[in-house]
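Asker: Got a predicted structure plus its sequence, pasted below:
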Amino acid sequence: MWLNCDMGESFGAWKMGMDEAVMPFIDQANIACGFHASDPLIMQKTVRLALQHDVMIGAHPSYPDLVGFGRRSMSCTPAEITAFIRYQYGALQAIARAEGGKVAYVKPHGALHNDMMKDEKVLRAVMAALATEPEPLPLMIMTTADNSNVKALAAEYGVTLWLEAFADRGYDAEGYLMSRSLPNAVHHDVDTIVRQALTLARGESILASSGNPIKLDAVTLCVHGDNPESIRAVQAIREGIEALTTAK
C-alpha cells in the first residue's frame, strides 16, 4: 500500500501544509499545478523535495478556481476539461524534467475529482487527456464498493487506474466519501485514522456510516499533513505499514 499526500499547495508568500515534514513518510506527492494552488516556484521547490526523498511525482490538476481552492464545481465542456488537464500536467512535467525527474501519474483535485466520480462525461474528458500520451499516465481515482464501470472506461482509453482510499474520511454504504457536512465525515483522532489506514492496508473491511462493513480495493492511501497531529498520524501509518510488510 502506497501513501500519497497533496503537496505544493502554497502560493507566493502564502504557506499551506507542512510539506517538508510529511515528505519523508510518503511514496507519492500530488503536486498542485497552479489552477487551485501553487505557482511555478512552489512547484519547482516541491518537485525538488520529492526527488530528494525518492517520492513519486504526481500532477494534481483542478478546475481554474484559485479563489475557491478548486473546491467549487464549474460548468465546463469536456474539451475544456481535457485541455485543463493537459495544460497542468504538462507544466509540472516540464519542471520535473528540468530537475531530473518525471510526472508518474495524475490525480485530479477537489471538485474536479468529485465530478468525475459522478459524471461519466467528466471522467471521459480526464481520461482523454491522458490517453493521447505515448505512454498514458496512470490515473489515481477514488475507489468505491464497485469499481467495474470505472475499470471498463479505463480499459477503453488504455489508461491504468491506481485506486485510492482515505485514512481520515468516513464512507457511505456504497463506498463513497461522506459529505463533509455530516457528522463523522472527517476523522480527527490520530488513533482512529491509523486504525482505519491499517485496516485498509490489510485488505479488510471497514464500517460504513450505515454500520455495515464495506471492502475497498485500493493500492494507495491518501493521508494529510497540514498540522503536527496529522504528521504524527502519517508517521504512525508508515510505521504500521512497514510492520505489516515485514510480517509477510
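Answerer: Received the coordinates, thanks. Every value quoted in this text rests on a predicted model; they were computed, and no experiment measured them.

Asker: contacting residues for the one residue sitting closest to the centre of the chain?
Answerer: When Cα atoms, centre = their mean is applied to the chain, the residue found nearest the centroid is Lys107 (5.1 Å). Lys107 sits next to Asn4, Asn30, Gly58, Ala59, His60, His113, Leu139, Met140, Ile141, Glu164 when contact means Cβ atoms under 8 Å, 6 or more residues apart in numbering. For glycine as for every other residue, the C-beta is placed from the backbone atoms N, C-alpha and C.

Asker: On the three-state scheme, Asn30 is what?
Answerer: strand (DSSP: H, G, I helix; E, B strand; the rest coil).

Asker: who does the closest residue to it other than its chain neighbours bridge with?
Answerer: Nearest in space to Asn30, with sequence neighbours left out and distances taken as Cβ to Cβ, 6 or more residues apart in numbering, is His60 at 4.0 Å. Counting by DSSP bridges, His60 is bridged to Ala32.

Asker: how distant is the worst-scoring helix or strand of the chain on mean pLDDT from the center of its chain?
Answerer: One helix or strand of the chain scores below all others by mean pLDDT, DSSP states H and E: helix 228-247, with a mean of 89. The chain centre lies 18 Å from the centre of helix 228-247; the measure is Cα atoms, centre = their mean, to the nearest Å.

Asker: Strands of this structure, start to end?
Answerer: In the chain, the strands defined using DSSP state E lie at 2-7, 28-32, 56-60, 103-106, 139-142, 161-166, 206-207, 213-214, 220-222.

Asker: and Phe69, which of those is closest to it?
Answerer: Closest to Phe69 of those is strand 28-32 (Cβ to Cβ; 9.6 Å).

Asker: Can you list the helices and strands that that closest one packs against?
Answerer: If you count contacts as 3 or more Cβ pairs under 8 Å, 6 or more residues apart in numbering; DSSP states H and E, strand 28-32 packs onto strand 2-7, helix 40-52, strand 56-60.

Asker: quick one: low-confidence ranges for the chain?
Answerer: By pLDDT under 70, the low-scoring segments of the chain are 248.

Asker: in it, what residue sits furthest out from the centroid?
Answerer: Relative to the mean C-alpha coordinate of the chain, counting by Cα atoms, centre = their mean, the farthest residue is Ala247 (27.4 Å).

Asker: What distance do you get for that residue to Arg169?
Answerer: Going from Ala247 to Arg169 by Cβ to Cβ, to the nearest Å gives 26 Å.

Asker: Kindly report the same for Leu216.
Answerer: In terms of Cβ to Cβ, Leu216 sits 11 Å off from Arg169.

Asker: Which one's more surrounded, the two?
Answerer: Using other Cβ atoms under 10 Å, the more surrounded residue of Leu216 and Arg169 is Leu216, with 22 against 19.

Asker: Quick check: that one touching Leu200?
Answerer: Yes - counting by Cβ atoms under 8 Å, Leu200 is a contact partner of Leu216 at 6.3 Å.

Asker: which residues are common contacts for these two?
Answerer: The contact sets of Leu216 and Leu200 overlap at Ala165, Ile206 (Cβ under 8 Å, 6+ apart).

Asker: one step back: can you check the contacts of Lys107 and name whichever has the most neighbours?
Answerer: Neighbour-wise, these (other Cβ under 10 Å) top out at His60, 31 neighbours.

Asker: before we move on, the earlier item: just name the closest of the contacts of Lys107 to Gln93, please.
Answerer: Ala59 (7.5 Å).

Asker: Contact partners for that closest one?
Answerer: Ala59 neighbours (Cβ under 8 Å, 6+ apart): Asn30, Ile31, Cys33, Gln88, Tyr89, Leu92, Gln93, Val103, Tyr105, Val106, Lys107, Leu137.

Asker: Spatially nearest residue to it (excluding sequence neighbours)?
Answerer: Tyr89 (3.7 Å).

Asker: what about that neighbour, how many neighbours?
Answerer: Applying other Cβ under 10 Å, we find 24 residues neighbouring Tyr89.
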